[in-house]
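Student: just the structure for this:
(chains A and B)
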Amino acid sequence: GNSVTQMEGPVTLSEEAFLTINCTYTATGYPSLFWYVQYPGEGLQLLLKATKADDKGSNKGFEATYRKETTSFHLEKGSVQVSDSAVYFCALSENNFNKFYFGSGTKLNVKP
Amino acid sequence: KAGVTQTPRYLIKTRGQQVTLSCSPISGHRSVSWYQQTPGQGLQFLFEYFSETQRNKGNFPGRFSGRQFSNSRSEMNVSTLELGDSALYLCASSTGTAIYNSPLHFGNGTRLTVT
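Tutor: Numbering: from 1, shown residues only, chains lettered A, B, ... in the order given. Coordinates of the predicted model:
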């Protein structure tokens, strides 16, 4: 079956620190991979996506590379800001099926 | 462009009652999905509707049902509420035509509390 595993949180960093949030997946087919972010009191927002192996998704300084050989899609940012504090969800969807599988979410706290 | 709108934002119900949640998708989006979010289980897929037809379904009991109207608005109904149904219910819309070109756009959710 399909599933997504994310590193446990919370992750606490100081402003300008480097961020990595690990995500690995299991899929029966050839999924598209996504990172969503949920700010307090809000719904999830798409952060970035990658639709095939070796694709790199990027947005707002965040990036993630679709690694088929390691079934991973780790999220990285070179220098986090306080405004990046949120919960980050890794997700997959098999192409042609509008059904998403989400990881458990990783809460990021960035201190000034 | 207006985002996904969910109503109401908060609901408090008693065990055994039923509840209906509403979702208005982004204009032009024909797919509406529903997810249940809880601290213990995370985000779990309930079902997805496309052009008034249920296209995908998750592993929830039959007490959870939904429908979609011709204007793409969707409702979700939960009958015979249980304490474990307390959760944030998220609606998401997309064009629904190609996953890699139609990511989900989420509403802010309806917080259901069952007492």
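
Student: for residue 6, what are its contacts?
Tutor: This is for chain A. A:21-23, A:88-90, A:103-106 (Cβ atoms under 8 Å, 6 or more residues apart in numbering or on different chains). C-beta here means a position set from N, CA and C on the backbone, and glycine is covered the same way.

Student: ah, no, chain B please
Tutor: B:21-24, B:89-91, B:107-110.

Student: any chance of those in JSON lines, plus secondary structure?
Tutor: Listed next are the contacts of residue B:6 as JSON lines, based on DSSP: H, G, I helix; E, B strand; the rest coil:
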{"residue": "B:21", "secondary structure": "strand"}
{"residue": "B:22", "secondary structure": "strand"}
{"residue": "B:23", "secondary structure": "strand"}
{"residue": "B:24", "secondary structure": "strand"}
{"residue": "B:89", "secondary structure": "strand"}
{"residue": "B:90", "secondary structure": "strand"}
{"residue": "B:91", "secondary structure": "strand"}
{"residue": "B:107", "secondary structure": "coil"}
{"residue": "B:108", "secondary structure": "coil"}
{"residue": "B:109", "secondary structure": "coil"}
{"residue": "B:110", "secondary structure": "strand"}
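
Student: these: which ones sit near chain A?
Tutor: B:90, B:107-109 (Cβ under 8 Å from any Cβ of the partner chain).

Student: report the two of these separated the most.
Tutor: B:90 and B:108 (8.3 Å; Cβ to Cβ).

Student: strands of the chain, start to end?
Tutor: No chain was given, so I picked chain A. Using DSSP state E, the strands of chain A run over A:3-6, A:11-14, A:19-21, A:23-26, A:31-38, A:44-50, A:56-59, A:62-65, A:75-77, A:86-94, A:100-102, A:106-111.

Student: I was thinking of chain B, sorry if that wasn't clear
Tutor: Assigned by DSSP E, the strands in chain B fall at B:5-7, B:10-13, B:19-24, B:31-38, B:42-50, B:53-57, B:64-68, B:74-78, B:87-94, B:105-106, B:110-114.

Student: turn the ones you listed into TSV, including mean pLDDT.
Tutor: As requested, those are arranged in TSV below (pLDDT from 0 to 100):
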stretch	mean pLDDT
strand B:5-7	97
strand B:10-13	98
strand B:19-24	98
strand B:31-38	94
strand B:42-50	92
strand B:53-57	90
strand B:64-68	97
strand B:74-78	98
strand B:87-94	94
strand B:105-106	92
strand B:110-114	97
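
Student: TSV please, covering those and showing distance to residue A:82.
Tutor: As requested, these are exported to TSV (distance: least, Cβ to Cβ, whole Å):
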stretch	distance to residue A:82
strand B:5-7	28
strand B:10-13	28
strand B:19-24	32
strand B:31-38	25
strand B:42-50	25
strand B:53-57	38
strand B:64-68	38
strand B:74-78	36
strand B:87-94	25
strand B:105-106	23
strand B:110-114	26
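
Student: deepest-packed of the ones you listed, please.
Tutor: Per residue and on average, the most neighbours among those fall to strand B:87-94, with a mean of 25 (mean count of other Cβ atoms under 10 Å in any protein chain shown).

Student: output the contacting helices and strands for that strand.
Tutor: strand B:5-7, strand B:19-24, strand B:31-38, strand B:74-78, strand B:105-106, strand B:110-114 (3 or more Cβ pairs under 8 Å, 6 or more residues apart in numbering or on different chains; DSSP states H and E).

Student: contacting residues around residue 43?
Tutor: Unless you meant another one, I'm taking chain A. B:4, B:90, B:92, B:106-109.

Student: think we crossed wires, I meant chain B
Tutor: By Cβ under 8 Å, 6+ apart, residue B:43 lies in contact with A:44, A:89, A:102, A:105, B:35-37, B:90.
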